[in-house]
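J.: the following comprises the amino acid sequence and a computationally predicted model.
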Amino acid sequence: MDPNETLKNLRSLTKHIIKTQDMIPLSFMDSTITAEDAVQMAEWFEALDGWLSKGGFLPGKWERK
């Protein structure tokens, strides 16, 4: 996995989900994941990405010891 490419893709998909949230179906096939879940995940990712990009500390599970 290339973490730089993954981050680029996550940023792009996050923007797309948030921008088009009104067009997301209420559910995905037979899944229990809702459009609201997808939008919430995108918003959380965007917040975490912004935090880390500005020099914020890593989440505890990501810290190297």
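T.: Cool, got the structure. Numbers count the residues shown, from 1 in each chain.
J.: for the closest residue in space to Leu13 that isn't next to it in sequence, give me its contacts.
T.: Excluding its sequence neighbours, the residue lying closest to Leu13 (CB to CB, 6 or more residues apart in numbering) is Ala42, at 7.5 Å. Just so you know, the C-beta spots here come from the backbone N, C-alpha and C atoms, and that holds for glycine as well. Residues in contact with Ala42 (CB atoms under 8 Å, 6 or more residues apart in numbering) are 13-14, 17-18.
J.: ok, Leu7 next?
T.: Counted by CB under 8 Å, 6+ apart, Leu7 has contacts Asp49.
J.: confidence score at it?
T.: Here, the pLDDT recorded for Leu7 equals 93.
J.: quickly find the element holding it.
T.: helix 3-19 (DSSP states H and E).
J.: for that helix, the distance to its chain's centre please.
T.: 7 Å (CA atoms, centre = their mean, to the nearest Å).
J.: now the angle from the helix or strand immediately after that helix in the chain to helix 3-19?
T.: Scanning forward in sequence from helix 3-19 by DSSP H and E, the next helix or strand is helix 35-53. Here helix 35-53 runs at an angle of 130 degrees relative to helix 3-19 (axes from the mean of the first three to the mean of the last three CA atoms, to 10 degrees).
J.: distance from helix 35-53 to the middle of the chain?
T.: The answer for helix 35-53 is 4 Å, by CA atoms, centre = their mean.
J.: buried residues in it?
T.: 35, 38-39, 42, 45-46 (16 or more other CB atoms under 10 Å).
J.: tell me the mean pLDDT for that helix?
T.: Rounded mean pLDDT across helix 35-53 is 91.
J.: I'm done for today, thanks for sticking with me.
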